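Peer 1: just a sequence and a predicted model for now, questions to come.
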Amino acid sequence: MAAQESGINVRQIDARTVGVTLDETVTKDDVYDLLKVFATASIHERYRIGPIKHDSTVLPSLDDIANSLSITSVDSMKLQIPNSLHRTSPFLQHKVFNSYHSETEMLRYIHHLQSKDLSLAEAMIPLGSCTMKLNATTEMVPVTWPEFASMHPFAPGEQARGYMIMLQVREAKIRLG
């Protein structure tokens with residue numbers, strides 16, 4: 001599919017329909033790249049097997065599209081959320097919510113609290129000791145790396161081959177003891 005060859009994953013629903021999901025990490029450039037895939041590929045090219053045939057179709061900029069819709073710019077587009085549903089109070093303002101950005105940092109903070117006789121097991125969430133033994137801090141650090149942690153759960157299998165190899169090796173080690 002032309003989208004996948006351009007590094008964009010879409011969900012094929014049927015022979016004529018695809019699903020696209022966007023989240024808060026999507027940039028204007030990402031949207032433009034997606035529009036370009038659909039604008040430059042014929043309906044047959046979008047669902048065919050083989051390399052993309054790039055043509056000279058010129059796609060207008062997103063700002064041009066926004067202007068044609070009487071919007072000053074794409075960046076000024078706002079969700080139409082009723083005023084009654086807008087948040088009016090600040091949230092997550094305590095420094096704890098803005099100081100620890102990895103599981104390792106959070107674990108160190110929790111350990112610090114525990115040293116003050118305020119442990120998670122006694123004051124917040126009871127955790128089994130096996131959890132703490134099996135997930136050593138040094139083992140958890142790589143899980144937070146973007147190269148590892150940003151795989152989409154529905155990514156096509158061919159894009160997750162490294163994960164599958166890693167899991168198979170881990171399973172074999174567990175079986176061998």
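Peer 2: Received, thanks. Residues are numbered from 1 along each chain as shown.
Peer 1: looking at this protein, which helix or strand is least sure?
Peer 2: helix 43-46 (a mean of 51; mean pLDDT, DSSP states H and E).
Peer 1: quick one: residue 12 is in a strand?
Peer 2: Yes: per DSSP: H, G, I helix; E, B strand; the rest coil, residue 12 lies within a strand segment.
Peer 1: how close does it get to residue 172?
Peer 2: Counting by C-beta to C-beta, to the nearest Å, the separation of residue 12 from residue 172 is 33 Å. Every C-beta, even on glycine, is put in place using the N, C-alpha and C of the backbone.
Peer 1: tell me which of the two has more neighbours.
Peer 2: Taking other C-beta atoms under 10 Å, residue 12 and residue 172 do not tie; residue 12 has more neighbours (14 against 9).
Peer 1: dig out what that one forms beta bridges with.
Peer 2: For residue 12, the beta-bridge partners are residue 18 (DSSP bridges).
Peer 1: separation between it and residue 151?
Peer 2: In this structure, residue 12 lies at 19 Å from residue 151, with C-beta to C-beta as the measure.
Peer 1: contact partners of the longest helix along the chain?
Peer 2: Longest helix in the chain by number of residues (criterion: DSSP state H): helix 161-176. Residues lying outside helix 161-176 but in contact with it, judged by C-beta atoms under 8 Å, 6 or more residues apart in numbering, are 151, 157.
Peer 1: keeping just the C-alphas, turn that helix into PDB.
Peer 2: Extracted as PDB, the C-alpha positions of helix 161-176 are listed here (Å, rounded to 0.1, in the frame of the first residue of the first chain):
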ATOM      1  CA  ARG A 161      10.000  -8.500  14.000                       C
ATOM      2  CA  GLY A 162      12.700  -7.300  16.400                       C
ATOM      3  CA  TYR A 163      10.100  -7.400  19.200                       C
ATOM      4  CA  MET A 164       9.100 -10.900  18.400                       C
ATOM      5  CA  ILE A 165      12.700 -12.100  18.300                       C
ATOM      6  CA  MET A 166      13.300 -10.400  21.700                       C
ATOM      7  CA  LEU A 167      10.200 -12.000  23.200                       C
ATOM      8  CA  GLN A 168      11.200 -15.500  21.800                       C
ATOM      9  CA  VAL A 169      14.700 -15.200  23.300                       C
ATOM     10  CA  ARG A 170      13.200 -14.100  26.700                       C
ATOM     11  CA  GLU A 171      10.700 -17.000  26.600                       C
ATOM     12  CA  ALA A 172      13.500 -19.500  25.900                       C
ATOM     13  CA  LYS A 173      15.500 -18.100  28.800                       C
ATOM     14  CA  ILE A 174      12.600 -18.400  31.200                       C
ATOM     15  CA  ARG A 175      12.000 -22.100  30.000                       C
ATOM     16  CA  LEU A 176      15.600 -23.000  30.600                       C
END
